[in-house]
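A.B. asks: turn this into a structure:
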Amino acid sequence: MDTLQTMRAFACVAETGSFTAAAVQLGTTTAYVSRAVANLETHLRARLLNRTTRRIALTEAGQRYLLRCEQILAYVEEAEAEAGDAHARPAGRLRVHSMTGIGQHYVIRAIAGYRQVHPEVSFDLTMANRVPDLLDEGFDVAIVVATELPDSGLVSQRIGETYSVLCASPAYIEARGLPKTPSELVEHDCLRLVSPVLALDKWLFEGPNGQEMVTIGPPPFQVNVGDAMTEAIRCGMGIGALPVYSAAEGLKDGSLVRVLPHYKLQLLNVYALYPSRQYLDAKIKTWVGYLRENLPGVLLADEVGI
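C.D. replies: Next comes the predicted model:
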């Protein structure tokens, strides 16, 4: 027995005072409404309606039960309306995971801009250099930087692209010289930025001669956060690969020097991952749409002068 449907039938009969009128209002047959009320009475083991050939009247038990039915049906309708509204109007809390570098440099600014348009959405942002399990960890969207994504069953939207460049401090270059080709890097202290999506001991370059792969030896220093690597390079510890967004400020103010300026490291895609396209919550849809519209231009702006 569908309890909610039988409750709706009973409440409609009580409201209209007629099985026939209730059937018309519900878009069904009189026989169905009569059977639904009878099944409900059998289930409750209580008589809800007194029936005569001329009229229908609530019993005392029916009056009490009707009050509960009206409350329950009102809650159900409210819940259905609220859930349906989630697909139409961005509102509520959005749980976002982002890799650290892109989160610090872009995602926080994007959240601020998005909330100017959709102030009813609040954010819970977690940053870590890994690809989270969205379903197990309860995230709505993950922002991931990778060459490509494994097949995971998640929906992915490419929302931009970026790359890394090699940098050193002026003091390091003065002391050790400036390499002219990727192969000369074997003579230098190469620092390692640990990444969950790139090989640790290989740098893949795009340059005048196409792609070139260089294997770097054991590093004197390695770290998993781009901004920490920026500080290590500024301190003269060696040559390191920095995402464009981490290198931009230092290259502009002169605290960093670009090494091999005609080369850039492997192109990386920026993805937004979320669990499903079906019945997509409005806040997820509009957030991903906002990133797709705004992030490429911001990424491109940081490349100017690099």
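
A.B. asks: next one: the helix or strand containing A31 to chain centre, how far?
C.D. replies: Per DSSP states H and E, A31 falls inside helix 30-44. Counting by CA atoms, centre = their mean, to the nearest Å, helix 30-44 is centred 47 Å from the centre of its parent chain.

A.B. asks: by contact count, what packs against it?
C.D. replies: helix 3-16, helix 19-26 (3 or more CB pairs under 8 Å, 6 or more residues apart in numbering; DSSP states H and E). Just so you know, the C-beta spots here come from the backbone N, C-alpha and C atoms, and that holds for glycine as well.

A.B. asks: now the helix or strand harbouring A247: buried residues?
C.D. replies: Here A247, judged by DSSP H and E, is contained in helix 244-253. Using 16 or more other CB atoms under 10 Å as the test for burial, helix 244-253 gives V244, Y245, S246, A247, A248, G250, L251.

A.B. asks: would you turn the helices and strands packed on helix 30-44 into CSV with distance to V259, mean neighbour count and mean pLDDT?
C.D. replies: Listed next are the helices and strands packed on helix 30-44 as CSV, based on distance: least, CB to CB, whole Å; neighbours: other CB atoms under 10 Å; pLDDT from 0 to 100:
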stretch, distance to V259, mean neighbour count, mean pLDDT
helix 3-16, 68, 19, 87
helix 19-26, 75, 18, 88
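
A.B. asks: so which of those comes closest to T126?
C.D. replies: helix 3-16 (38.1 Å; CB to CB).

A.B. asks: could you check the angle that closest one makes with helix 19-26?
C.D. replies: Relative orientation of helix 3-16 versus helix 19-26 (axes from the mean of the first three to the mean of the last three CA atoms, to 10 degrees): 120 degrees.

A.B. asks: what about helix 3-16, distance to the chain center?
C.D. replies: Put simply, helix 3-16 sits 42 Å off its chain's centre (CA atoms, centre = their mean).

A.B. asks: sorry, back to before: of the buried residues of helix 244-253, closest to R93?
C.D. replies: With CB to CB as the yardstick, the closest approach to R93 among the buried residues of helix 244-253 comes from Y245, at 27.0 Å.

A.B. asks: got the contact list for the closest residue to the closest one other than its chain neighbours?
C.D. replies: Nearest non-adjacent residue to Y245, counting by CB to CB, 6 or more residues apart in numbering: H105, 4.2 Å away. H105 is in contact with Y245, S246, D302, counting by CB atoms under 8 Å, 6 or more residues apart in numbering.
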